[in-house]
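Q: Structure for this input, please:
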Amino acid sequence: MYRGGVANPAPTSAQPGGREPESFERSLEQIEQIINRIESGEVGLERAISEYERGVSLIRRCREILDKAEQKVEELTRQMVPPESRPETPVRPPDDDGPEGDDAAPF
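A: Numbering: from 1, shown residues only. This next block holds a predicted model:
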C-alpha cells in the first residue's frame, strides 16, 4: 500500500498485547514527542523514566526496520548486477616490505 509516495510494508508480527507494530514514521513522531515532553519538564521523574523506556523501545524498533531495509536494498542491488558482471575481489599478495622497508608510512 502506498501513502504519500512511501510504501508501507505489511506488518510482520504483532506487538505484545495484540497491537500491530508501529510504522517507522509513526515511531519517529513518538520519539520526538517523548523528547519534547521530557525536555520541557511537563512530566515528573517517574513518568520521564517510563517515557524514556518507551523511547528506547521505539529506537530499537526503528533500527530493526532500517537494518531490514538496508538488507533489502543490498539484495535488490545484487540482483540487478548479473554475476558475470560483478567485479572480482582482488587477491592481495602477502604483505611485503619491499623497497620501502620498515620505515615506510603505512599509507
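
Q: for the protein, which spans come out with low pLDDT?
A: Scanning the chain for pLDDT under 70 picks out the ranges 1-21, 86-107.

Q: Which residue ranges of it form strands?
A: Taking DSSP state E as the test, the strands found in the chain are 2-3, 6-7.

Q: Tell me who's in contact with residue 55.
A: Applying CB atoms under 8 Å, 6 or more residues apart in numbering, we find residue 55 in contact with 30-31, 34-35. Every C-beta, even on glycine, is put in place using the N, C-alpha and C of the backbone.

Q: Filter the residues you listed down to the buried ones, ChimeraX style.
A: In ChimeraX, a selection of the buried entries from these looks like this (16 or more other CB atoms under 10 Å):
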select :30,31,34
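
Q: Which ones among the contacts of residue 55 map onto helices?
A: Here DSSP state H is the test, and the contacts of residue 55 give 30-31, 34-35 as lying in helices.

Q: This completes my enquiry, with thanks.
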